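> here is a sequence with its predicted model. Questions after.
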Amino acid sequence: MLAPRPPVVTIMGHVDHGKTTLLDKIRESNIAARESGGITQHIGAYQIAFKTKEGQEAKITFIDTPGHAAFTQMRARGAQVTDLVVLVVAADEGVQEQTKESLSHIKAAGVPFLVAITKTDLAPQRVESVKGELAEMGVVPEDYGGNITVIPVSGKTGEGVDELLEMIVLMGKVEDLKADPEGKPLAVIIESSLDKRRGPVATALVKEGTLRVRDELWVGEKQFRIRAMFDDLKKPVQEAGPSQPVEILGFTEVPPVGAIIASSPQKETPKPFPEKEKEEKKEDIFAQEEKKLPVVIKSDAQGTLEAILSSLPKEVKVVHAGLGDVSDADVFLAQTAKARIFAFRVKVSSPIAKLATESGVKVSQFSVIYDLLEAVEKEVLRMISPDIDKEVLGKAEIVAEFKIDKKRVAGCRVVEGEISRQFPVTIKRKEETLGETKIISMKHLKEDIQTARQGQEFGAIFSPYIDFQVGDVIISYKQKKEE
């Protein structure tokens, strides 16, 4: 049965803007209530318990991520871990480059967020100025007529921390966060390493069900048994429920960050968790129906970046635009958003290029603005008309359908050129493209054939399967070589 669960929160922002100090302050007050000492002995994630103003006990799980790469890498794997994000902006420095980058990651993940203006003990007079800078970024505070909660806090004095925690709990209730503690166990690896004494160790966040010591579970297609579990204070625990972070021993090898722990083998990354599916469909800013080309733009100078952004076609969705060399965070963000990276006069190191290739992210470098804009326009054309890079070899109409050995067979007649098993085909219904597939079986009468020419009839079986109808058109093509 579904029951409310604590919100899972990630804190993001520019380096040295007080993220660690704020986390330490939250954790310090919580540990003081539970046990003295041990502040530094955490496991990359921890859960706090506190009493709200109404006197009710509430819990919040904080993930101390090693950076944007881990945040977006988990998202790219389909593991939606974070429920809420606290975007940290220091009062004395205001909005910085990494603040903008963090916002891009938050939008890509499609999670709600609030802003904590830190270091108010150093520059209390700067709070309103920072709110103005946020508003210029499109992050409009509630007291400016927007819908983003902004809370001034100090990680040193503790000012505003209770208000921040109260607001996180309230936002968690609004999101109606629930899980089934009695369901099949499902957890996400958020940190992993090889310990010389204990072997492979991983921190996992429970999403569904309950993990118990001696449970036999799976990471991908590898089975393991939970040998021991520890909470964030290194205390042994026998079980861990939804939203609880726990350190696990018993893996046969170090599991990758973002991997899923499940009760059965996982050949592929599971779809996003049920509680998020509806929300993601609503919030996904990269939906295909928008007909927007998602891009990440990196440039060497602010003036150049502004010139590029002002010249992009309206069909382009800028996922992130920033200065400096292409980083792993850029690659993981592009992977999450299914975006291409366009780099202008900045470096793409060999490790980053390799990571991009492994992640399926295309990175293009330019030294002339015109060439970059021309490349973007070509990509927009490919998005609007997917056939632009395809050389059409032939077309056939589906005139009948029948079954052989329980498999649907399309009875086709070639109306133009030729259809060959050697090349992929697109199936269209009027102007709608149903999908791309291959002909795995092609027969004329009872004879296997490789090619059918104009006027000839044949039967075809497709893989992957497409739900065709009589009247649909099959288009055979080969890819044109890129210029």
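Received it, and whenever you're ready, just let me know what you need.
> touching, residue 216 and residue 223? I think so.
Yes. With contact defined as CB atoms under 8 Å, residue 216 reaches residue 223; the gap is 6.3 Å. Where you see a C-beta, it was placed from the backbone N, CA and C, and this is true even at glycine.
> which parts of the stretch 301-450 of the chain are helices?
302-311, 328-337, 350-359, 369-384 (DSSP state H, counting those that start in this stretch).
> and the stretch 101-250 of the chain, by the same measure?
127-136, 161-174.
> run through this protein and note the low-pLDDT ranges.
14-18, 29-44, 64-79, 267-290, 385-389, 479-483 (pLDDT under 70).
> mind doing that once more with 50?
The model of the chain has pLDDT under 50 over residues 31-42, 66, 269-289, 483.
> the strands in the stretch 51-200 of the chain, which residues?
In the stretch 51-200 of the chain, the segments counted as strands under DSSP state E, counting those that start in this stretch are 57-63, 84-90, 113-118, 150-152, 178-179, 186-195, 199-208.
> elements contacting the second one?
In this structure, strand 84-90 makes packing contacts with strand 8-13, helix 97-109, strand 113-118, helix 127-136, helix 161-174, judged by 3 or more CB pairs under 8 Å, 6 or more residues apart in numbering; DSSP states H and E.
> so which bits of it are buried?
84-90 (16 or more other CB atoms under 10 Å).
> okay, domains of this structure per the record?
Domain assignment for the chain by automatic domain parsing gives 3-178, 186-270, 288-384, 389-479.
> just the CA atoms of stretch 184-197, as PDB, please.
Only the C-alpha atoms of stretch 184-197 are listed here, as PDB (Å, rounded to 0.1, in the frame of the first residue of the first chain):
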ATOM      1  CA  LYS A 184       9.200  -5.200  -4.400                       C
ATOM      2  CA  PRO A 185      12.500  -3.600  -3.400                       C
ATOM      3  CA  LEU A 186      13.900  -1.000  -5.700                       C
ATOM      4  CA  ALA A 187      16.900   1.200  -5.000                       C
ATOM      5  CA  VAL A 188      19.400   3.400  -6.800                       C
ATOM      6  CA  ILE A 189      23.200   3.400  -6.400                       C
ATOM      7  CA  ILE A 190      24.300   7.000  -5.600                       C
ATOM      8  CA  GLU A 191      27.900   6.300  -4.600                       C
ATOM      9  CA  SER A 192      30.200   3.300  -4.900                       C
ATOM     10  CA  SER A 193      33.800   2.400  -4.200                       C
ATOM     11  CA  LEU A 194      36.200  -0.500  -3.500                       C
ATOM     12  CA  ASP A 195      37.200  -0.800   0.200                       C
ATOM     13  CA  LYS A 196      40.400  -2.700   0.800                       C
ATOM     14  CA  ARG A 197      39.000  -4.400   3.900                       C
END
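> identify each buried residue in that stretch, please.
185-192.
> list the contacts of residue 245.
43-47, 61, 63, 190, 203-206, 231-232 (CB atoms under 8 Å, 6 or more residues apart in numbering).
> which of those are buried?
For the contacts of residue 245, buried by 16+ other CB under 10 Å: 43-47, 61, 63, 190, 203-206, 231-232.
> including distance to residue 329, could the residues you listed go into a markdown table?
A markdown table is the format used below for those (distance: CB to CB, whole Å):
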| residue | distance to residue 329 |
| --- | --- |
| 43 | 23 |
| 44 | 18 |
| 45 | 20 |
| 46 | 24 |
| 47 | 27 |
| 61 | 23 |
| 63 | 16 |
| 190 | 17 |
| 203 | 21 |
| 204 | 23 |
| 205 | 21 |
| 206 | 27 |
| 231 | 30 |
| 232 | 26 |
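> so what touches stretch 368-383?
291, 293, 295, 304, 307-308, 311-313, 315-316, 340, 342, 344, 364, 366, 388-389.
> need the helices of the stretch 101-250 of the chain in CSV (columns: mean neighbour count).
Putting these into CSV (neighbours: other CB atoms under 10 Å) gives the following:
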stretch, mean neighbour count
helix 127-136, 17
helix 161-174, 17
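> and those helices as CSV, adding distance to residue 196?
Shown next, in CSV, are those (distance: least, CB to CB, whole Å):
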stretch, distance to residue 196
helix 127-136, 45
helix 161-174, 37
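> dump the strands of the stretch 51-200 of the chain to TSV, plus distance to residue 323.
Converted to TSV, the strands of the stretch 51-200 of the chain look like this (distance: least, CB to CB, whole Å):
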stretch	distance to residue 323
strand 57-63	28
strand 84-90	18
strand 113-118	22
strand 150-152	25
strand 178-179	41
strand 186-195	29
strand 199-208	33
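> which one of these lies nearest to residue 421?
Across those, residue 421 has its closest neighbour in strand 186-195 (41.5 Å, CB to CB).
> contacts only, for the closest residue to residue 395 other than its chain neighbours.
Spatial nearest neighbour of residue 395, chain neighbours left out: residue 416 (4.3 Å); criterion: CB to CB, 6 or more residues apart in numbering. Applying CB under 8 Å, 6+ apart, we find residue 416 in contact with 394-395, 454.
> and what of residue 413?
Neighbours of residue 413 in contact, by CB under 8 Å, 6+ apart: 396-397, 399, 455-457.
> only whichever of those residues are buried, select them in ChimeraX.
To isolate the buried ones among the contacts of residue 413 in ChimeraX, judged by 16+ other CB under 10 Å, type:
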select :396,397
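> would you turn the contacts of residue 413 into TSV with distance to residue 142?
Listed next are those as TSV, based on distance: CB to CB, whole Å:
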residue	distance to residue 142
396	59
397	59
399	62
455	69
456	68
457	67
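> start to end distance for stretch 239-257?
Stretch 239-257 has an end-to-end distance of 21 Å (CA to CA, to the nearest Å).
> how far away from the center of its chain is it?
21 Å (CA atoms, centre = their mean, to the nearest Å).
> stretch 350-358 too?
In this view, stretch 350-358 has its centroid 18 Å away from the chain centroid, taken as CA atoms, centre = their mean.
> quick one: closest of the helices of the stretch 301-450 of the chain to residue 23.
Per CB to CB, nearest to residue 23 of the helices of the stretch 301-450 of the chain: helix 328-337, 19.8 Å.
> other SSEs contacting that closest one?
By 3+ CB pairs under 8 Å, 6+ apart, helix 328-337 packs against helix 68-76, helix 97-109, strand 293-299, strand 316-323, strand 340-344, helix 350-359.
> could you tell me the angle between that helix and strand 293-299?
Per axes from the mean of the first three to the mean of the last three CA atoms, to 10 degrees, the angle that helix 328-337 makes with strand 293-299 is 170 degrees.
> and helix 328-337 with helix 97-109, angle?
Between helix 328-337 and helix 97-109, the angle comes out at 20 degrees (the same axes, to 10 degrees).
> send the alpha carbons of helix 328-337 over as CSV?
Only the C-alpha atoms of helix 328-337 are listed here, as CSV (Å, rounded to 0.1, in the frame of the first residue of the first chain):
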residue,chain,number,x,y,z
ASP,A,328,31.8,16.1,-18.2
ALA,A,329,28.9,18.0,-16.7
ASP,A,330,28.1,19.4,-20.1
VAL,A,331,28.2,15.9,-21.6
PHE,A,332,25.9,14.3,-19.0
LEU,A,333,23.5,17.2,-19.3
ALA,A,334,23.4,16.8,-23.1
GLN,A,335,22.9,13.0,-22.7
THR,A,336,20.0,13.6,-20.3
ALA,A,337,18.4,16.2,-22.7
